[in-house]
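S.K.: For reference, the sequence and a predicted model appear below.
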Amino acid sequence: MNIPVPDARQPLLTARRNQKMARSPHAYVRGNTAQYYEWLHSLRGHNLPHGPAIWICGDCHLGNLGPLAAADGRVEVQIRDFDQTIIGNPAHDLVRLGLSLAAVARGSRLPGAITAGMLEHLVAGYEQALEAGHDGQSRVRMQKPEVVKVVLRSAVKRSWKELARERIVDTRPNIPLGKNFWPLSKAEKKSIATMFESKEVISLITRLKSRDEDAKIEVADAAYWVKGCSSLGRLRYAVLVNVGDDDYCLIDIKEATIAAAPRYAHVSMPRDNARRVVEGARHMSPALGERMAAQRFLAHGVFIRELLPQDLKLEIEELGVEQATHMARYLGHAVGCAHARQMDDPSRKSWLRELKLNRPKTLATPAWLWNSVVQLIASHEGGYLEHCRKYALSGDNT
């Protein structure tokens with residue numbers, strides 16, 4: 001394939017993003033965070049409850065949850081993407097996850113009654129986490145869906161060589177250029193080299209795996225990383241780092257931009273977008289936040305993290321009837337734990353009471369959540385078909 005020079009990246013990235021979003025309604029939902037909030041606030045009769053002012057994911061769809069490894073080796077299913085994190089309304093995370101689950105259910109050709117059951121179980125799992133009132137240790141009592149067990153078993157067993165083969169094709173100390181990795185400009189190479197000489201970045205790398213604090217850190221190779229969907233087009237780099245004599249690690253550098261998710265007024269957050277992302281991650285998913293750092297790169301704010309073999313997505317494009325409601329309850333509980341750990345007892349109890357208000361006698365799901373998801377599914381169906389029409393007419397689907 002022809003590998004583009006740095007100045008020619010953007011049109012190809014836009015075409016690839018369009019291609020990914022046209023694959024399925026669920027892929028379209030995943031790639032449309034900004035439009036999601038525009039649609040949500042334009043819905044007739046839109047009236048979400050105002051939850052406590054806490055850090056939320058802001059883009060809480062199914063693909064942004066999965067196994068994460070903490071610095072001490074523990075592996076848990078947590079939120080794993082914080083590009084959109086802000087201090088805002090926790091109801092937004094529930095609606096976003098509900099929409100994502102409903103889109104997967106429709107793509108799996110499940111009956112509408114199953115979708116209704118998924119939303120009921122989503123709320124039930126979320127409320128269970130709030131009722132527990134601590135940092136999520138109660139999750140051990142939440143039975144894991146079989147698909148989650150499989151992913152967790154795979155995550156725990158994964159080695160550096162498996163991560164290298166999956167992410168960079170080879171285990172040799174270089175990143176082969178091709179479909180997913182493109183060459184850097186001279187300015188990018190220089191800025192990456194400078195970044196990995198900073199004390200903060202060296203400390204981030206050496207604190208994991210009990211590495212020697214005095215270990216020599218050297219950039220072995222780096223490339224522009226063509227990765228993601230909604231973030232395609234932003235700065236993204238993979239950096240292979242040699243630590244000491246024979247240890248290697250893979251570092252992900254990602255540009256931070258303004259969040260589309262609406263923040264609460266009169267709350268204090270870092271003005272720098274990269275520091276906002278890191279702060280949100282540390283509050284919601286400590287296993288990830290503790291191995292992230294914010295940096296400046298070519299006048300842009302970026303956040304960096306070391307990728308561990310245990311970091312995996314929950315790649316679920318199709319659900320069966322039996323696992324659908326179980327999965328919804330489990331993921332609702334995971335999000336509830338991320339929210340609950342930030343609330344004191346009065347805030348938790350007040351939010352629980354709010355969630356239980358105004359429920360129809362025939363439906364255990366709050367009316368605001370049900371109505372929002374139903375209307376958003378309709379909006380996204382139309383948006384998806386229109387995207388596919390424009391995409392096909394553009395000729396970019398080759």
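M.R.: Perfect, thanks for sending it.

S.K.: Please pull up the helix or strand immediately following the one helix or strand Arg96 maps to.
M.R.: Arg96 is part of helix 90-107, with elements assigned from DSSP states H and E. Later in the chain than helix 90-107, the nearest helix or strand by DSSP H and E is helix 112-132.

S.K.: name the helices or strands packed onto that following helix?
M.R.: Secondary-structure packing of helix 112-132 (3 or more C-beta pairs under 8 Å, 6 or more residues apart in numbering; DSSP states H and E): helix 90-107, helix 321-340, helix 345-356, helix 367-394. Yep, even glycine has a C-beta here, placed from its N, CA and C like the rest.

S.K.: Next, the buried residues of it.
M.R.: Buried residues in helix 112-132, counting neighbours by 16 or more other C-beta atoms under 10 Å, are found at 114-130, 132.

S.K.: again, but for stretch 347-362
M.R.: Ser347, Arg348, Trp351, Leu352, Leu355, Arg359.

S.K.: how's the protein carved up into domains?
M.R.: Domains of the chain are assigned by automatic domain parsing as 6-156+313-394, 160-307.

S.K.: roughly how far is the longest one from the heart of the chain?
M.R.: On the basis of C-alpha atoms, centre = their mean, to the nearest Å, domain 6-156+313-394 is displaced by 10 Å from the centre of the chain it belongs to.

S.K.: next one: the shortest one
M.R.: When distances are taken as C-alpha atoms, centre = their mean, domain 160-307 is centred 15 Å away from the chain's centroid.

S.K.: Okay, buried residues for stretch 244-251 please.
M.R.: For stretch 244-251, by 16+ other C-beta under 10 Å, it's Tyr248, Cys249, Leu250, Ile251.

S.K.: ok so, going back, is it possible to get JSON lines of the domains of the chain that adds mean pLDDT?
M.R.: Output for the domains of the chain, formatted as JSON lines (pLDDT from 0 to 100):
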{"stretch": "domain 6-156+313-394", "mean pLDDT": "82"}
{"stretch": "domain 160-307", "mean pLDDT": "86"}
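
S.K.: just these: most buried one?
M.R.: Most buried of the domains of the chain, by mean neighbour count (mean count of other C-beta atoms under 10 Å): domain 6-156+313-394, with a mean of 19.

S.K.: biggest separation within the buried residues of stretch 347-362, which pair?
M.R.: Using C-beta to C-beta, these span at most 20.9 Å, a distance reached by Ser347 and Arg359.

S.K.: State the distance from Ala287 to Leu177.
M.R.: 32 Å (C-beta to C-beta, to the nearest Å).

S.K.: And Val29, by the same measure?
M.R.: The value you get for Val29 to Leu177, if C-beta to C-beta is used, is 32 Å.

S.K.: Now do the strands in the stretch 151-300 of the chain.
M.R.: For the stretch 151-300 of the chain, applying DSSP state E, counting those that start in this stretch gives strands covering 181-182, 217-225, 236-243, 247-255, 292-297, 300-307.
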